[in-house]
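Undergrad: sequence and computational prediction follow.
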Number of protein chains: 2
Amino acid sequence: MQDPLRIFSDYIAENGLKNTPQRRLIVEVFFKSGKHLSTEELYNVVCKKDGSIGQATVYRTLKLLCDAGLAKELHFGESTARYEPIEDDSHHDHLICTACGKTQEVMDSTIERLQNELAEKNGFTLTSHRMVLYGMCEGCRSRSGQAEGRQKP
Amino acid sequence: MQDPLRIFSDYIAENGLKNTPQRRLIVEVFFKSGKHLSTEELYNVVCKKDGSIGQATVYRTLKLLCDAGLAKELHFGESTARYEPIEDDSHHDHLICTACGKTQEVMDSTIERLQNELAEKNGFTLTSHRMVLYGMCEGCRSRSGQAEGRQKP
DNA sequence: TTACCTGCAAACAGTTTGCAGGCCG
DNA sequence: CGGCCTGCAAACTGTTTGCAGGTAA
């Protein structure tokens, strides 16, 4: 994928917006630090590099990134939203460990195809989807041992 | 599935809780009116039958239903949570029209199986999942006609 | 009688917005 | 220079919680 910063400044230019240092910093940090950042996490990192940046700007810039098609808002189970960089054509879904919170990106083209067929079968034209698989990762499973009958967390 | 009210009062009894008229009303309305209610929608309906009920009780009762395994909290794209009755063994996923907001329940056992395999392949033991398909329903598609190139809503 | 419950309102958390100044283009 | 941007703080929205009185068991 092309440099996201480049795409971003193109988008900025095309839409008569301004390419400010704050936006550049936020976008850079967002794409460097990788995956599934919440606004607050992003804000914290950004703050360390420029303590004068306000949260509102982070919120506004993330929204801008979504508009530009460079980021996607995600809602796992939490009260806060998370954002993920859109890696061009590499679509994927998420696998989350309910014990340790680890998230892993997954992708299965057969499932993708069946999703499309399922939508068609119901008269829908699919434009996108979200799939999140919740389970227990290897580590947590062996760590939690034989305590299987638990119901209430 | 058994009467949800019955299951609920069993749960109440087993856990030393109280079976109050407010709870009974909320649970009854929740299961009668069916699908994907938000707390506010549920509150509005309940209010019409008993104007003295407070929102807090609705929130608390929905949480209780989740604990009892009778309801499930859903997050589509909105700012508010929705709740759906758990119909025992009839698991399903959701198909949502991005134009009119219509939601439809769907289920594909092949997809379900592949999800399990995908999780296993990554060392996870799957416990649950969420899948939401976004698209355009037949009605909206024909209604919106040939305006396909639109980018910004 | 004794917990548990309820409605109310205040408290909260996450997010948005109005404003006065600042800066890109 | 003009319009977009920014930081700040206040406003908002959805949800939670403390409290004093009420009620199921």
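TA: Structure's in. What do you need?
Undergrad: what's the closest non-adjacent residue to A:Ser9?
TA: Distance criterion C-beta to C-beta, 6 or more residues apart in numbering or on different chains; nearest residue to A:Ser9, sequence neighbours excluded, is A:Asn19 at 5.4 Å. Backbone N, C-alpha and C define where each C-beta goes, glycine included.
Undergrad: then that neighbour would be within a helix, right?
TA: No - counting by DSSP: H, G, I helix; E, B strand; the rest coil, A:Asn19 is not part of a helix but coil.
Undergrad: that one touches A:Ala13, doesn't it?
TA: Yes - with contact defined as C-beta atoms under 8 Å, A:Asn19 reaches A:Ala13; the gap is 7.4 Å.
Undergrad: quick check: mean pLDDT of the longest strand along chain A?
TA: Secondary structure of chain A per DSSP state E: the longest strand is strand A:125-136. Mean pLDDT, strand A:125-136: 93.
Undergrad: flag every buried residue along that strand.
TA: Across strand A:125-136, burial judged by 16 or more other C-beta atoms under 10 Å in any protein chain shown covers A:126, A:129-136.
Undergrad: need the contact partners of that strand.
TA: A:74, A:76, A:93-99, A:106, A:111, A:115-116, A:119-120, A:144, B:98, B:115, B:118-119, B:124-136, B:141 (C-beta atoms under 8 Å, 6 or more residues apart in numbering or on different chains).
Undergrad: state the next helix or strand along the chain beyond that strand.
TA: helix A:138-143 (DSSP states H and E).
Undergrad: what distance separates that following helix from the middle of the whole chain?
TA: Computed by C-alpha atoms, centre = their mean, to the nearest Å, the separation of helix A:138-143 from the middle of its chain amounts to 25 Å.
Undergrad: need the per-residue pLDDT for the spatially most central residue of chain A.
TA: For chain A, the residue nearest the mean C-alpha position is A:Glu84 (2.2 Å; C-alpha atoms, centre = their mean). At A:Glu84, the model reports a pLDDT of 93.
Undergrad: figure out the helix or strand that it lives in.
TA: strand A:82-85.
Undergrad: can you list the strands that that strand pairs with?
TA: Sheet pairing of strand A:82-85 (DSSP bridges) gives strand A:37-38 (antiparallel), strand A:71-74 (antiparallel).
Undergrad: excluding chain neighbours, what is closest to A:Phe124?
TA: B:Gly135 (4.0 Å).
Undergrad: in the sheet, who's paired with the one you found?
TA: Beta bridges link B:Gly135 to A:Leu126, B:Cys97, judged by DSSP bridges.
Undergrad: re the thing from before, using CSV, lay out the strands paired with strand A:82-85 together with distance to B:Tyr43.
TA: Formatted as CSV, those follow (distance: least, C-beta to C-beta, whole Å):
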stretch, distance to B:Tyr43
strand A:37-38, 29
strand A:71-74, 26
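Undergrad: the nearest residue to A:Asp50 once chain neighbours are set aside: what's it in contact with?
TA: Distances taken as C-beta to C-beta, 6+ apart place A:Leu25 nearest to A:Asp50, at 5.9 Å, with adjacent residues excluded. Going by C-beta under 8 Å, 6+ apart, A:Leu25 touches A:46, A:49-50, A:53.
Undergrad: kindly report the same for A:Thr61.
TA: A:22-23, A:26-27.
Undergrad: show me which of those neighbour DNA strand D.
TA: A:22-23 (C-beta under 7 Å from any atom of the strand).
Undergrad: ok, the contacts of A:Thr61 vs DNA strand D, which is closest?
TA: Lowest distance from DNA strand D to the contacts of A:Thr61 (C-beta to the nearest atom of the strand) belongs to A:Gln22, with 3.6 Å.
Undergrad: so the closest one touches A:Lys49, yeah?
TA: No - assessed by C-beta under 8 Å, A:Gln22 is found out of contact with A:Lys49, at 10.6 Å.
Undergrad: neighbour-wise, which of those two wins?
TA: A:Gln22 (16 against 11; other C-beta atoms under 10 Å in any protein chain shown).
Undergrad: could you pull up phi and psi at the more buried one?
TA: The phi/psi pair for A:Gln22 (degrees, to the nearest 10) reads phi -60, psi -50.
Undergrad: got a pLDDT number for it?
TA: Per-residue pLDDT puts A:Gln22 at 97.
Undergrad: ok, now the one 10 residues further on?
TA: At A:Lys32 the predicted local confidence, pLDDT, stands at 92.
Undergrad: swap in A:Gly145?
TA: Confidence score, pLDDT, at A:Gly145: 55.
Undergrad: would you mind listing what in chain A touches DNA strand D?
TA: So chain A meets DNA strand D at A:12, A:16-18, A:20, A:22-23, A:50, A:52-57, A:60-61 (C-beta under 7 Å from any atom of the strand).
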